[in-house]
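>>> The following block contains a protein sequence and its predicted model.
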Amino acid sequence: MPPESKSVPAVEDGIQYSFAMEYTGPPLHYGIPRAVPINVDMIPVAAVVPQPSLSEKHSLPVVKPIMSSDPMTLKLSRELKPMESPTSVISFDHRAAGSCDASKDLALGTEITVSPTSVIAFEESEAENHRDCGLSGELSSSGPLEFTNGCCGHSNEFLSNATGSSSTIEFSDSLDKSRESSSRLKVSIDLNQVPDWESNESLLSLDYPSSRVTGDCNNESNSKPAQVVTFRDVESDDGIVDDDFVQNERQVVRVRREVQSKGKKGACYRCLKGSRFTDKEVCIVCDAKYCSNCVLRAMGSMPEGRKCVTCIGFPIDELKRRGLGKCSRMLKKLLNELEVRQIMNAEKFCEANQLPPEYVFVNGTPLCHEELVILQTCANPPKKFKPGNYWYDKVSGLWGKEGQKPSQIITPHLNVGGPIRVDSSNGNTQVFINGREITKVELRMLQLAGVQCAGNPHFWVNEDGSYQEEGQKNTKGYIWGKAGMKLICAVLSLPLPSKSSSPFGESVSSLNCRSVPDYFEQRALYKLLLVGYSGSGTSTIFKQAKILYKDVPFSEDERDNIKLTIQSNVYGYFGILLEGRERFEEESLAEMKKKQFAHETDQIGSADKNDGKTVYSIGPRLKAFSDWLLKTMVTGNLEAIFPAATREYAPLVEELWKDPAIQATYNRRNELEMLPSVSSYYLERAVDVLRTDYEPSDLDILYAEGVTSSNGLACLDFSFPQSAHDKNTDSAYQNDSLFRYQLIRVHARGLGENFKWLDMFEDVGMVIFCISLSDYDQFSVDGNGSLTNKMLLGKKLFESIVTHPTFEQMDFLLILNKFDLFEEKIERVPLSCVDWFDDFHPLVSRHRPNSSSNSINNSPSLGQLAFYYIAVKFKRLYSSLTGRKLYVSLVKGLEPKSVDAALKNAREILKWDEERTYFSHSEYSNYSTEASSYSP
Ligand SMILES: Nc1nc2c(ncn2[C@@H]2O[C@H](COP(=O)(O)OP(=O)(O)OP(=O)(O)O)[C@@H](O)[C@H]2O)c(=O)[nH]1
Ligand SMILES: [Ca+2]
């Protein structure tokens, strides 16, 4: 379009050109399409309406009217709901008038409110002669419209990738230099209303009627027309975006059928009483809110769920799709259980509330009804299905939200949507899978799986995970089959093919009846990252969680592996004992010699008692076994020789354990630094544990070292089982079994140098940091090779992690673990052996809590005081580093109840965090309860 067209006034031939369209949702982050008035005379027109009735003499373009007037006609042609969307941008004031009348109005150039279809007008009323209402019938199908003006080359271009909207209009023209297209005008119209033009190749010339497009509001007496999108005219062409323009995450510009209460803010829409603090039920269509006195009158028998009587038949507000079928407290009070169930079922399953296919875009193309059905009924359908833009890699089955990493692997080869675009997931890695540039996190997954990604490769990945480089014939391997993939994908929140992912997801999804489309299943996943300094007890807590929350905490396979680990651990403990035995024997012999020497010098002549034997000496058979075991341990291949050795040596173990020399050594186990305290648990049952038919109990597994994961990373999906208490108290956790949690335990070593792997965990909801209280008198070698107090090493790790950029704004829960050991140790070893704790001066009553008196029992023990003190130390440290509040839990890792309480604290913090976003600051400052079990 020539530049001078910019000066075309908004008023032309007495017609005011303006459009109005409402838009709700979050603010847009990108430019708004601008409507620039078009001088019709400047538009080359090419009417190609191959109707026999059009004779050559009509030099002017003819546009077929899209039938607006009778929604029923449209319904028939599209098999859609009988009523137009309440969210429609467009007012149907002319419904009563025949469709041709509406066009007539346009043709006459009167300023009117028009049907959606009347964005298209005719320059000559003459054209009318050739229109007949019946034409609309052949314009049936679905899809957005594009009107290309002049330049045919663009006619196939899909207009607005950002919108899956029921009502979007986008105009672009050549004035907008950023778009290389020639002058074109694109119009997308309420898909509920408009037949598809796909099959109609006509290039249509257009004019804009002056249309004030308004929201439909024929419904409530107190409803107000909702203005949807405002197309700015020339005067307002100032680049300022209306506040009304908001973009919601679905990228579907939806028009909400909004109703406004006449009463004061927050009052019931019917009786106009109450405030926003009174309990109210909300209409899932228009958002009208009713108090418990009015709700049944306003909503009637609710054949489609919670809708005002006048909203029945209307599609729901998509923002409320999540809540479908989730009953409120109010309804539960007003209705009996059966009624509630019926209403909730109706709400979920009734026709009117189902997802409209045209709100779902796959690879940029809106779906038709059949495609939606294909997607929903395939063997492995997309989860959490709601309106929006998705990409789908038909070859591998990878599926994701437009602009995002894949979220799922669905059934491949479904004939839905358009071809995948290279920028579908907005990747910038220059690595490609099936023609899509993959995201950073996918690249990381490939790298962790050992796939060579150097040199910008293009991979071809099949549904079974087999992959090859493009252009090459040989399969390079199977991505999903690679070692550790399950874990890597779980941690990186990447999908796996459904079969292999089932161990994680099964228990959750099996609740759902598969015959029902489960796109309303919207359970949130909260990720908890569990990390701590080595030995702090993270894997114990992880295992406790498994035992607490999983029906089958460990699979057969896992148990088999754990058994081997435990058995080789026990051989290891024996090795440490045998080493200790040698040491004690030598010491003892040296002592003897010394004594003997003193004896000899004292009483010459009577020194023949020493036969070279001490209490620590063993016989030749056991000595040979001992030598073999120690040698194997030194070479470090105990696990390689084991378990073949078990059978052979098992009888010897019994003999060894019963040997007085070993018992004497074991009695001095406190002197064997290498021997962990848990070893007693196994050594005392060594004979049983080392049998070939040994089956570890849950407790054995809990106590076992080294069973969590070889690479320091472990992941557990769980939900908190509903307790009887929760059920009875109508608590916030009523539906908690619906929330899913994922506990990810990572070994500090697994974070890499400078914690370079930490950003893998950027999407966790909370970090649980574990410190062992009993570490305060322990020492360990730090990174520089010097011996450092373990409490201080833990503190250092804590500092690094809480200040890591990945965890800015992250909630932290500090677990102070091993309180059992600590309580006992603090009586012997002063806390001040750590510099950091040198100002611990407890005022301890001389009457210790172990005294029988009740009043004294209420005073805290030294251990509790010390815990309190340490918690404050960490809280202050955290607050000085982050300016925020640290939550602290006291834990005994070996006690299930204690771990359960700590993880429920974590849940509370997450919930609390979520709630906080709903309350204004002033409101939530009233909340004085802290989610922590402890507050200084
Ligand atoms: N007494 C006692 N022992 C505990 C407690 N929690 C853990 N332990 C023991 O402490 C040891 C170390 O615990 P782990 O759970 O292996 O600690 P970790 O953080 O995984 O340590 P690494 O594997 O070294 O990283 C194990 O022997 C546990 O059985 C506790 O609350 N009380
Ligand atoms: Ca461990």
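It's in. Ligands and ions are numbered 1, 2, ... in the order given.

>>> Give me the spatial nearest neighbour of the residue of the stretch 301-450 of the chain found nearest ligand 1, chain neighbours excluded.
Nearest residue of the stretch 301-450 of the chain to ligand 1, counting by CB to the nearest ligand atom: residue 448, 20.4 Å away. From N, CA and C alone the C-beta is placed, and that goes for glycine too. Nearest residue to residue 448, sequence neighbours excluded (CB to CB, 6 or more residues apart in numbering): residue 488, at 4.9 Å.

>>> Quick check: which element contains the one you found?
helix 485-491 (DSSP states H and E).

>>> what do you get for residue 888?
Counting by DSSP H and E, residue 888 is found in strand 887-890.

>>> Whether the next helix or strand after that strand contacts ligand 1 - can you check?
Sequence order places helix 896-916 as the next helix or strand after strand 887-890, per DSSP H and E. No: using CB under 6 Å from any ligand atom, helix 896-916 stays clear of ligand 1, coming no nearer than 7.6 Å.

>>> how about the nearest residue to residue 900, chain neighbours excluded?
Closest to residue 900 by CB to CB, 6+ apart is residue 548, at 5.4 Å.

>>> contacting residues for that neighbour?
Applying CB atoms under 8 Å, 6 or more residues apart in numbering to residue 548 gives the contacts 896, 899-900, 903.

>>> are any of these buried, and which?
Taking 16 or more other CB atoms under 10 Å as the criterion, what is buried in those is 899-900, 903.

>>> now, among these, which is nearest to ligand 1?
For the buried ones among the contacts of residue 548, the residue nearest ligand 1 by CB to the nearest ligand atom is residue 899; the value is 8.8 Å.

>>> so that closest one touches residue 543, yeah?
No: using CB atoms under 8 Å, residue 899 is not in contact with residue 543; the gap is 9.2 Å.

>>> so which of the buried ones among the contacts of residue 548 comes closest to ligand 2?
residue 899 (15.1 Å; CB to the ion).

>>> For the closest residue to that closest one other than its chain neighbours, which three-state class applies?
Once flanking residues are discounted, residue 899 sits nearest to residue 544: 4.0 Å by CB to CB, 6+ apart. Using DSSP: H, G, I helix; E, B strand; the rest coil, the structure places residue 544 in helix.

>>> now the buried ones among the contacts of residue 548 as TSV including pLDDT?
Supplementary listing: those in TSV, determined by pLDDT from 0 to 100:
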residue	pLDDT
899	97
900	96
903	96
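
>>> Now do the helices in the stretch 651-800 of the chain.
Here the stretch 651-800 of the chain has its helices, by DSSP state H, counting those that start in this stretch, at 660-667, 679-683, 686-689, 698-703, 724-729, 790-802.

>>> Any idea which helix or strand in the protein has the lowest mean pLDDT?
Every helix and strand of the chain was ranked by mean pLDDT, DSSP states H and E. The lowest is strand 228-231, at a mean of 32.

>>> how close does the residue of the stretch 301-450 of the chain closest to ligand 1 get to residue 431?
Shown here: residue 448 relative to residue 431, a distance of 14 Å by CB to CB, to the nearest Å.

>>> Around ligand 2, which positions in the stretch 501-650 of the chain sit nearby?
residue 539 (CB under 5 Å from the ion).

>>> Might you list the low-confidence residue ranges for the stretch 501-650 of the chain?
Low-confidence segments of the stretch 501-650 of the chain, defined by pLDDT under 70: 501-524, 602-611, 637-647.

>>> could you pull out the strands for it?
Here the stretch 501-650 of the chain has its strands, by DSSP state E, counting those that start in this stretch, at 525-532.

>>> What parts of this structure come near ligand 1?
So the chain meets ligand 1 at 532, 534-540, 676, 678, 703, 705, 747, 817-818, 820-821, 892-894 (CB under 6 Å from any ligand atom).

>>> I'd like the distance between the residue nearest to residue 900 and residue 716.
Using CB to CB, residue 548 is found at 10 Å from residue 716.

>>> Ok, residue 784 next?
For residue 784 relative to residue 716 (CB to CB), the value is 35 Å.

>>> Look at those two and report which has more neighbours.
More neighbours surround residue 716 than the other of residue 784 and residue 716, with 20 against 6 (other CB atoms under 10 Å).

>>> so how many other residues sit close to residue 782?
14.

>>> who's in contact with the closest residue to it other than its chain neighbours?
If the residues on either side of it in the chain are set aside, residue 782 comes closest to residue 788, at 4.3 Å by CB to CB, 6+ apart. Each residue near residue 788 by CB under 8 Å, 6+ apart is listed here: 779-782.

>>> Sort out for me which of those residues are in strands.
Residues of the contacts of residue 788 located in strands (DSSP state E): 779-781.

>>> Including neighbour count, could these go into a markdown table?
What follows is these, written out as a markdown table (neighbours: other CB atoms under 10 Å):
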| residue | neighbour count |
| --- | --- |
| 779 | 14 |
| 780 | 15 |
| 781 | 10 |
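
>>> Pretty sure residue 277 sits in a helix.
No: judged by three-state DSSP, residue 277 forms no part of a helix; its state is coil.

>>> Was I right to think it contacts residue 265?
No: using CB under 8 Å, residue 277 is not in contact with residue 265, being 11.5 Å away.

>>> And the pLDDT at the closest residue to residue 318 other than its chain neighbours?
Leaving aside its chain neighbours, residue 318 sits nearest to residue 387 (5.1 Å; criterion: CB to CB, 6+ apart). Looking at residue 387, its pLDDT reads 82.

>>> close enough to count as contact, residue 387 and residue 355?
Yes: shown here, residue 387 and residue 355 form a contact pair, counting by CB under 8 Å, at 6.6 Å.

>>> Pick out whichever of the two has more residues nearby.
residue 387 (23 against 20).

>>> Tell me where the stretch 351-500 of the chain has helices.
369-377, 440-448, 485-491, 498-509.

>>> Any chance of the ones you listed in a markdown table with distance to residue 665 as columns?
Converted to a markdown table, these look like this (distance: least, CB to CB, whole Å):
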| stretch | distance to residue 665 |
| --- | --- |
| helix 369-377 | 68 |
| helix 440-448 | 44 |
| helix 485-491 | 40 |
| helix 498-509 | 43 |
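
>>> Tabulate these (CSV), appending distance to residue 798 and mean neighbour count.
Conversion of the helices of the stretch 351-500 of the chain to CSV gives the following (distance: least, CB to CB, whole Å; neighbours: other CB atoms under 10 Å):
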stretch, distance to residue 798, mean neighbour count
helix 369-377, 47, 17
helix 440-448, 26, 19
helix 485-491, 21, 21
helix 498-509, 29, 15
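
>>> Of these, which is nearest residue 887?
Proximity to residue 887 (CB to CB) singles out helix 485-491 among the helices of the stretch 351-500 of the chain, at 23.3 Å.

>>> Dump stretch 336-350 to CSV, keeping only the CA atoms.
The C-alpha trace of stretch 336-350 is given here as CSV (Å, rounded to 0.1, in the frame of the first residue of the first chain):
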residue,chain,number,x,y,z
ASN,A,336,-26.2,-34.2,49.4
GLU,A,337,-23.3,-36.4,48.2
LEU,A,338,-25.2,-37.9,45.3
GLU,A,339,-26.3,-34.6,44.0
VAL,A,340,-22.9,-33.2,44.3
ARG,A,341,-21.5,-36.1,42.4
GLN,A,342,-24.0,-35.8,39.6
ILE,A,343,-23.4,-32.1,39.2
MET,A,344,-19.6,-32.5,39.2
ASN,A,345,-19.9,-35.3,36.6
ALA,A,346,-22.1,-33.2,34.4
GLU,A,347,-19.7,-30.3,34.8
LYS,A,348,-16.8,-32.5,33.6
PHE,A,349,-18.5,-34.5,30.9
CYS,A,350,-21.4,-32.6,29.4
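
>>> What distance do you get for the nearest residue to residue 614 once chain neighbours are set aside to residue 615?
Nearest residue to residue 614, sequence neighbours excluded (CB to CB, 6+ apart): residue 588, at 3.9 Å. Counting by CB to CB, the separation of residue 588 from residue 615 is 7 Å.
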